[in-house]
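Participant: this one's sequence-less:
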């Protein structure tokens, strides 16, 4: 009897304790769930890098100041930016200004009606190069004189200023159209000259004012003529331009050039129009003569915009090449004349970035996706490829900053269930000090939607597709929940990462929505060998794998059968439209932003990399077009597009709208005036509220809460 009473008492105690804990837990409120106010995490100091070999930088979250902290003593003092680093060169009201530290800014040019672009200080600090009206100039800071290097710039010929397709696809948006490069000794400038004469003009109608106007851009669509390109060199002090020994009339591409350490030559990347043959030429900037030192061919394509393609070593004898020729991105050691010495890394995994090269010890420190393709780790390996060692730790994804001498690194690490932590680690992998933990002291006092990382087997059993899911708060498998499936889907552009996601998913978790992201077999999670499956058939494998993921969820008793929504922007918009047409039997709702709807409407370099030209691959273009499957459309699709989008033209959406209206089927359309590929800020705010409205109307079927009104 007494044992029974004791057992009952214990059971009652456990039940009371559990209910007490549950009673103490609280849901995130509106502001907390959108990340506008701290809840699960707290503000912590950030660690932006290193002051020197012996001190790291710490930015205080309270006072906003940056301090340098001594590694050994822990002494903390306000960081003073080195004088050379404090020099700022910028454009204001079309003119160039220079400011040194706290001194008053000095105006260097005076042409308020003509914009100066991309002012760039030479390494020795004596010159500022820039472009103006398609010509290349510099200012000699010693004499104050302006130097003009080129004289033939027009509305179709640009010196040191990129043609659109190079800016968008090859040199990159971060360049802001800059296409010139100082030599390390500051004595020469390398630059590209573009001739857009044969590139078709694409008109963008601007609706402002009484009559509106056309904004005309030289935009080569798939199969069109590309700009003609020359690579030139000029002395910093001016004089005649030397052109590298290439024929600008050839159908070709040039990637970012790389100056050698001693400035005696420059490595120029060349690629054919088919993008399956990459060559490196060592070019003499004095004579323009070139010598081929590297030749790579692949059956699918080679990325010309590959970061870290070449990294010169300071010994002026070697360089490190990054290539995915084996099906996985790896590093290789070469001599300057193009002789391969050995692979530095190898295997069925991907390197991502070089972090430090210790030439004295012949050791490379690099980031890679090796233990898990959704996580990033730091490794070290000898130049010979031997003694590979992981330096980071745990089942986390790491973001590191290595000290200038490679002896230490700071890592910011997390996973989907662990908020960010920061630690100081030595180059043997030993944790020296935990610097910060963003997990809130009352973390366990909140109830919130759990986020998990796992994989789903592809339909053919060949791939474990990575998935991240945030479940509803108080998830109950006996209930049914709608799903929001957020995707991008582009080649080698996976979005699934095993990192802390913050709280911005928690509002919809509180509302009882399952939130999913997933990557397909060609997303980069499975190396170049996976990405290469997309060759000549964009849209094929992506939709197959996304359907597999959707069906996996729809087979669960806790997923509402007709409330599966897919959403994405740009390539994600394309995939959303394809899902709502080609795979409309699986997907119920879609929200597509700025979608490509047919690949002959997009630019040459991006599209042809995967698809070849429309003339060479008509069947692939047909099969990859949303318009081909318009008659299969059903459900509810919402399409948004900026009317001034100069990347994915509004033309894409208009052609899909034409096809859908011909069928007299219902869909939603929103055009955002004055917006480009990313919507203008006020339009983005409106778009957010419309997305909220869509979710409540179709997924939750209840009124929109007052907080959104």
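Facilitator: Thanks, I have it. Everything numeric here is computed off the predicted structure, so don't read it as measured data.

Participant: number of nearby residues for the nearest residue in space to residue 173 that is not next to it in sequence?
Facilitator: Setting aside the residues directly before and after it, residue 173 is nearest to residue 167 in space (CB to CB, 6 or more residues apart in numbering), at 6.7 Å. (Glycine included, C-beta is placed from N, CA and C.) Residues near residue 167, counting by other CB atoms under 10 Å, number 19.

Participant: please apply the same query to residue 197.
Facilitator: Residue 197 has 13 neighbouring residues, counting by other CB under 10 Å.

Participant: need the pLDDT of it.
Facilitator: Residue 197 is assigned 97 on the pLDDT scale.

Participant: so which strand or helix has it?
Facilitator: Using DSSP states H and E, residue 197 maps to neither a helix nor a strand.

Participant: do I have it right that it meets residue 156?
Facilitator: Yes. Between residue 197 and residue 156 there is a contact at 5.0 Å, judged by CB atoms under 8 Å.

Participant: that older thread, check contacts around the residue nearest to residue 173.
Facilitator: Contacts for residue 167 (CB atoms under 8 Å, 6 or more residues apart in numbering) come out as 173, 175-177.

Participant: any low-confidence regions in the stretch 1-150 of the chain?
Facilitator: 1-24, 83-85, 102 (pLDDT under 70).

Participant: follow-up on the earlier one: buried ones among the contacts of residue 167?
Facilitator: 175, 177 (16 or more other CB atoms under 10 Å).

Participant: surely residue 708 touches residue 692?
Facilitator: Yes. At 5.3 Å, residue 708 counts as touching residue 692 under the criterion of CB under 8 Å.

Participant: the stretch 601-709 of the chain: strands as residue ranges?
Facilitator: Here the stretch 601-709 of the chain has its strands, by DSSP state E, counting those that start in this stretch, at 636-642, 668-672.

Participant: how about those in JSON lines, adding mean neighbour count and distance to residue 95?
Facilitator: Shown next, in JSON lines, are these (neighbours: other CB atoms under 10 Å; distance: least, CB to CB, whole Å):
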{"stretch": "strand 636-642", "mean neighbour count": "24", "distance to residue 95": "30"}
{"stretch": "strand 668-672", "mean neighbour count": "16", "distance to residue 95": "32"}
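
Participant: which of those strands sits closest to residue 243?
Facilitator: Closest to residue 243 of those, according to CB to CB: strand 636-642, at 38.9 Å.

Participant: helices and strands around that closest one, which ones?
Facilitator: helix 571-579, strand 589-593, helix 650-662, strand 668-672, helix 681-694 (3 or more CB pairs under 8 Å, 6 or more residues apart in numbering; DSSP states H and E).

Participant: so what strands line up beside the fourth one?
Facilitator: Spelled out, it's strand 668-672. According to DSSP bridges, strand 668-672 forms sheet pairs with strand 636-642 (parallel).

Participant: circling back to that earlier point, among residue 708 and residue 692, which residue is more densely surrounded?
Facilitator: The residue with more neighbours, out of residue 708 and residue 692, is residue 692; 17 against 11, by other CB under 10 Å.

Participant: residue 703 is in contact with that one, correct?
Facilitator: No. Under the criterion of CB under 8 Å, residue 692 is not in contact with residue 703, lying 11.4 Å apart.

Participant: residue 44 should be in a helix, yeah?
Facilitator: No. Residue 44 is assigned coil when assessed by DSSP: H, G, I helix; E, B strand; the rest coil, not a helix.

Participant: residues contacting it?
Facilitator: Residue 44 makes contact with 61, 420, 422, 436-438, according to CB under 8 Å, 6+ apart.

Participant: cutoff 10 Å now
Facilitator: If you count contacts by CB atoms under 10 Å, 6 or more residues apart in numbering, residue 44 has them with 61, 412, 419-422, 435-439.

Participant: equivalent analysis for residue 197, please.
Facilitator: 154-157, 218, 225, 227-228.

Participant: now it: how far from residue 271?
Facilitator: From residue 197 across to residue 271, the span is 22 Å (CB to CB, to the nearest Å).

Participant: swap in residue 58?
Facilitator: Counting by CB to CB, the separation of residue 58 from residue 271 is 44 Å.

Participant: and if you look at residue 480?
Facilitator: The gap separating residue 480 from residue 271 is 52 Å, by CB to CB.

Participant: so which of the two has more stuff around it?
Facilitator: residue 271 (22 against 15).

Participant: my read: that one touches residue 301, true?
Facilitator: Yes. The criterion here is CB atoms under 10 Å, and residue 271 meets it with residue 301 at 9.4 Å.

Participant: mind listing the shared neighbours of the two?
Facilitator: In contact with both residue 271 and residue 301: 277-278, 609, using CB under 10 Å, 6+ apart.

Participant: what about the helices in this protein?
Facilitator: 2-24, 30-33, 164-165, 506-510, 527-531, 540-554, 571-579, 604-611, 618-623, 650-662, 681-694 (DSSP state H).

Participant: rewinding a little: okay, and the common contacts of residue 692 and residue 703?
Facilitator: residue 709.

Participant: pLDDT weak spots in the chain?
Facilitator: Judged by pLDDT under 70, the stretches of the chain that qualify are 1-24, 83-85, 102, 306.

Participant: give me the most central residue, it.
Facilitator: residue 493 (7.8 Å; CA atoms, centre = their mean).

Participant: what about the strands in the stretch 401-550 of the chain?
Facilitator: 408-415, 418-426, 431-437, 446-447, 451-457, 464-470, 481-486, 514-518.

Participant: dump the ones you listed into JSON lines; add distance to residue 633 as well.
Facilitator: Below are these laid out as JSON lines (distance: least, CB to CB, whole Å):
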{"stretch": "strand 408-415", "distance to residue 633": "39"}
{"stretch": "strand 418-426", "distance to residue 633": "42"}
{"stretch": "strand 431-437", "distance to residue 633": "49"}
{"stretch": "strand 446-447", "distance to residue 633": "40"}
{"stretch": "strand 451-457", "distance to residue 633": "26"}
{"stretch": "strand 464-470", "distance to residue 633": "26"}
{"stretch": "strand 481-486", "distance to residue 633": "18"}
{"stretch": "strand 514-518", "distance to residue 633": "22"}
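
Participant: including distance to residue 321 and mean neighbour count, could those go into CSV?
Facilitator: Shown next, in CSV, are these (distance: least, CB to CB, whole Å; neighbours: other CB atoms under 10 Å):
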stretch, distance to residue 321, mean neighbour count
strand 408-415, 24, 23
strand 418-426, 28, 19
strand 431-437, 33, 14
strand 446-447, 49, 18
strand 451-457, 32, 15
strand 464-470, 28, 21
strand 481-486, 36, 22
strand 514-518, 33, 24
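
Participant: right, and the ones you listed - which one's nearest residue 235?
Facilitator: Of these, nearest to residue 235 by CB to CB is strand 408-415, at 40.4 Å.

Participant: what about that closest one, distance to the chain center?
Facilitator: Put simply, strand 408-415 sits 20 Å off its chain's centre (CA atoms, centre = their mean, to the nearest Å).

Participant: ok, that strand: who's next to it in the sheet?
Facilitator: Strand 408-415 has these strand partners (DSSP bridges): strand 397-402 (antiparallel), strand 418-426 (antiparallel).

Participant: between the ones you listed, which gets nearest to residue 499?
Facilitator: Minimum separation from residue 499 across these (CB to CB) falls at strand 397-402, 4.8 Å.

Participant: angle of that closest one against strand 451-457?
Facilitator: With axes from the mean of the first three to the mean of the last three CA atoms, to 10 degrees applied, the angle from strand 397-402 to strand 451-457 works out at 110 degrees.

Participant: that older thread, residues in contact with the residue nearest to the centre of the chain?
Facilitator: Neighbours of residue 493 in contact, by CB under 10 Å, 6+ apart: 519, 522-524, 531, 570-572.

Participant: adding distance to residue 592, write the strands of the stretch 601-709 of the chain out as JSON lines.
Facilitator: Output for the strands of the stretch 601-709 of the chain, formatted as JSON lines (distance: least, CB to CB, whole Å):
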{"stretch": "strand 636-642", "distance to residue 592": "5"}
{"stretch": "strand 668-672", "distance to residue 592": "10"}
